[in-house]
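Student: got a predicted structure here, sequence first:
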Amino acid sequence: MADAPTRTSIDDVTDDLLELVFLHVPSPTSLIRAAAVCKPWRRLIADARFLRRFHMLHRPAVAGYHFNKPRFCKWEKEIIYKPAFEPVASSTQLPAINARHFSLDFLSDNMTAEFIKPEIMDSRGSLLLMEFRGSNCNNLSHDFPGALVVCEPLTKRYAAIPRPWDFDASSCQYERSYLLDGGVADEAGDRIGMSNFRVLFELNRGNRAHATVFTAGGDMSSWSEKAIDDLLPVINYKRHVLGRAAGSWYFFNREHCSTTGVVLDGSTGEYSSFEMPNVDEDWSVHNKWNHRFYVTDDCDGKPCILSLVDTNLRVFTKRGGDNSDEWVLMNQVTLLETVLAQIGGRYEPDELELMNSCRYKLTLSMSTRATGFIILQLDPYESRFFSVDLKAMEVKLTKKCPGKIMYPSELPWPPALHTITDA
Amino acid sequence: MAAPESGDGNNGAARMVTLISSDNTRFEVEAAAASLSQTLQLTILDGGGGGGDGIPLPNVDSATLSKVLEYCIKHAPAAANGGAPNATAVDRAELERFDNEFVNIDQSVLYSLIMAAHNLEIEGLQSLVAKKVADMIKGKSPMEIRRTLGFPDPTPEEQAEMNAHMLEYGWAYE
């Protein structure tokens, strides 16, 4: 045998093989730490081609959820929202990240100081879309917001979105805004980032619904517009936002006695119609003012439609995967018993019967839609909240009321490493 | 043991090939095991490596080659089954146990192994070692990674860069 060969060190490993090692690193946070080790590593990791490959192998990691935390303001007799954040629990794929890194305090500067009402409108990738309104426009939600901002909380970057160039408050009503993927993938293969996103505004001009799209691109930002008033059901103020799932928004217009809804694809910015689940009952229940349909992500991130009538909850998902248009009943549960058991059975049976039979019937209302679970509020006797796991249909008493929708926030990708490669 | 290949068998025994390391050590191994290497497979299909000739591997020393062959011999039966679609759970668990133990070795051997696996185009071995090194990086701070992987102490300039990076990506360090 030969003498002991010279010891091979990590320095001897070629770039190709180091790349292979980095592709096996399980989380973006570990990858970012590796990028700090030395300049050659940083150069390899910051390479757009490498970042694209890493991104294809590792699903984007949801770090937590932003939401508009409601607080009833006695003096103004209205609900005031305060943006909040809840990180996901630590996993092998991603260690938990401290919530303070997702604070939106960096937005409290000159631009937004005069507007006291911030509200999260949408999220996409690592970005948030936020509206800011002043104190004196309580009833003017059809006005364009005082400020509209797209931001990336983790990197504390933001961009103010201008008002559509031809927005005229006297003839134009603002409905809502949505965050869309950018028009083309960037060099790291991503469709969403601070330099690559679109914002869609739904506006009503006269009686015609318009979608106006702002495409970010630094000095090259652009606008486009299309009429959406030929959509059925019609996009108007009577439309109900069912919720958000898999990055798309679902709507239903209770004005029409039809079973068709509309979905806005958050990736393409296109609207299309879809058939609501086939519920075996009188549709008038759902068409009355207390419509009871909602949309959210199931625990696998796939869209599901929920129907909530009194204390009966049903969960519908698409049977044949994404290609099938048919919603199928997956779970059905009557929550009354469970809910009453949870609050300690403080009512006698006859008392209950009376309550349930009279006009102050016990009902559950939707409080929060989140990924894989919802939070319901018991009305009218008890302002108690219950979370329902959409897979196991497990019901738990909870103190939390994290607003209507919990907006998922992913880690920024690519991780903007170019800022340090040439440091 | 692998079944004899038709027309090539020496009295029913599996066909053997000889590999020669950079330090001139000769290894005799079944063709089926050596063929886990895409590079060697071509040579062997051309009839090389038999008899007294041997296939010279000028980039691989004997210590590394013996380790590579240990892997190939263990994995050859499964590979012969075409990725082992009908392998039993026990077989798979045994291979997994072997793999875990196999990479539990000195770092310098790991680095030699991954480079040899790359040269010889043994994809499974290459990924196995890459994953092992990635596991050594996972969850550590940059300084811990440097120490674990035997980097020299950082220069003041490198230290300053590391600090700046940790400041910028504070969220990734908790």
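Tutor: All right, it came through fine. Residues are numbered from 1 along each chain as shown, chains lettered A, B, ... in the order given.
Student: and the helix or strand containing residue A:43, C-alpha only, in PDB?
Tutor: Per DSSP states H and E: residue A:43 is located in helix A:39-46. This file holds the C-alpha atoms of helix A:39-46, laid out as PDB (Å, rounded to 0.1, in the frame of the first residue of the first chain):
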ATOM      1  CA  LYS A  39     -16.500  34.500  -0.400                       C
ATOM      2  CA  PRO A  40     -16.300  31.500  -2.800                       C
ATOM      3  CA  TRP A  41     -19.300  29.900  -1.100                       C
ATOM      4  CA  ARG A  42     -21.200  33.100  -1.300                       C
ATOM      5  CA  ARG A  43     -20.500  33.500  -5.000                       C
ATOM      6  CA  LEU A  44     -21.800  29.900  -5.700                       C
ATOM      7  CA  ILE A  45     -24.900  30.300  -3.600                       C
ATOM      8  CA  ALA A  46     -25.800  33.800  -5.000                       C
END
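Student: tell me what that helix is packed against?
Tutor: Applying 3 or more Cβ pairs under 8 Å, 6 or more residues apart in numbering or on different chains; DSSP states H and E, one finds that helix A:39-46 contacts helix A:15-23, helix A:28-34, helix A:418-421. For the C-beta atoms, the positions are set from N, CA and C on the backbone; glycine is no exception.
Student: can you give me the helices for chain B?
Tutor: Ranges of helices in chain B, per DSSP state H, are B:31-34, B:38-45, B:62-80, B:89-102, B:107-119, B:123-137, B:142-148, B:156-168.
Student: which one of these lies closest to residue A:330?
Tutor: Nearest of the helices of chain B to residue A:330, taken as Cβ to Cβ: helix B:89-102 at 30.9 Å.
Student: quick one: buried residues of the helix holding residue A:43?
Tutor: Buried residues in helix A:39-46, counted by 16 or more other Cβ atoms under 10 Å in any protein chain shown: A:41-42, A:44-46.
Student: nearest to chain B among these?
Tutor: Among the buried residues of helix A:39-46, residue A:42 lies closest to chain B (Cβ to the nearest Cβ), at 8.1 Å.
Student: the closest residue to that closest one other than its chain neighbours: how many residues sit nearby?
Tutor: Ranked by Cβ to Cβ, 6 or more residues apart in numbering or on different chains and with sequence neighbours excluded, the top spatial neighbour of residue A:42 is residue A:35, at 4.8 Å. The tally of other residues near residue A:35 (other Cβ atoms under 10 Å in any protein chain shown) stands at 24.
Student: want to try TSV for the helices and strands packed on helix A:39-46, with mean neighbour count and distance to chain B as columns?
Tutor: Listed next are the helices and strands packed on helix A:39-46 as TSV, based on neighbours: other Cβ atoms under 10 Å in any protein chain shown; distance: least, Cβ to the nearest Cβ, whole Å:
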stretch	mean neighbour count	distance to chain B
helix A:15-23	18	4
helix A:28-34	24	4
helix A:418-421	14	6
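Student: can you list those helices in CSV and add mean pLDDT and distance to residue B:33?
Tutor: Shown next, in CSV, are the helices and strands packed on helix A:39-46 (pLDDT from 0 to 100; distance: least, Cβ to Cβ, whole Å):
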stretch, mean pLDDT, distance to residue B:33
helix A:15-23, 95, 23
helix A:28-34, 90, 34
helix A:418-421, 44, 43
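Student: make CSV out of those and add distance to residue B:135.
Tutor: Converted to CSV, those look like this (distance: least, Cβ to Cβ, whole Å):
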stretch, distance to residue B:135
helix A:15-23, 10
helix A:28-34, 10
helix A:418-421, 25
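Student: between those, which one is nearest to residue A:144?
Tutor: Proximity to residue A:144 (Cβ to Cβ) singles out helix A:418-421 among the helices and strands packed on helix A:39-46, at 33.7 Å.
Student: quick one: low-confidence residue ranges for the stretch 51-200 of chain A.
Tutor: By pLDDT under 70, the low-scoring segments of the stretch 51-200 of chain A are A:76, A:92-93, A:109-115, A:135-141, A:187-189.
Student: tell me the contacts of the residue of it found nearest chain B?
Tutor: Residue of the stretch 51-200 of chain A nearest chain B, by Cβ to the nearest Cβ: residue A:101 (3.8 Å). Listed by Cβ atoms under 8 Å, 6 or more residues apart in numbering or on different chains, the contact partners of residue A:101 are A:153-154, B:170-171.
Student: could you flag which of those are buried?
Tutor: Buried positions within the contacts of residue A:101, assessed by neighbour count (16+ other Cβ under 10 Å), are A:153-154, B:171.
Student: so which of the helices and strands packed on helix A:39-46 gets nearest residue A:75?
Tutor: Closest among the helices and strands packed on helix A:39-46, using Cβ to Cβ: helix A:28-34, at 43.4 Å.
Student: now the closest one: how far from the chain's centre is it?
Tutor: Mean-position distance between helix A:28-34 and its chain equals 25 Å (Cα atoms, centre = their mean, to the nearest Å).
Student: thinking residue A:383 is in contact with residue A:377, fair?
Tutor: Yes: Residue A:383 is within contact range of residue A:377, at 6.6 Å (criterion: Cβ atoms under 8 Å).
Student: what's the nearest residue to the most centrally placed residue in chain B if we skip its chain neighbours?
Tutor: Centroid-nearest residue in chain B: residue B:125, 3.5 Å away (criterion: Cα atoms, centre = their mean). Spatial nearest neighbour of residue B:125, excluding adjacent residues (Cβ to Cβ, 6+ apart): residue B:117 at 4.0 Å.
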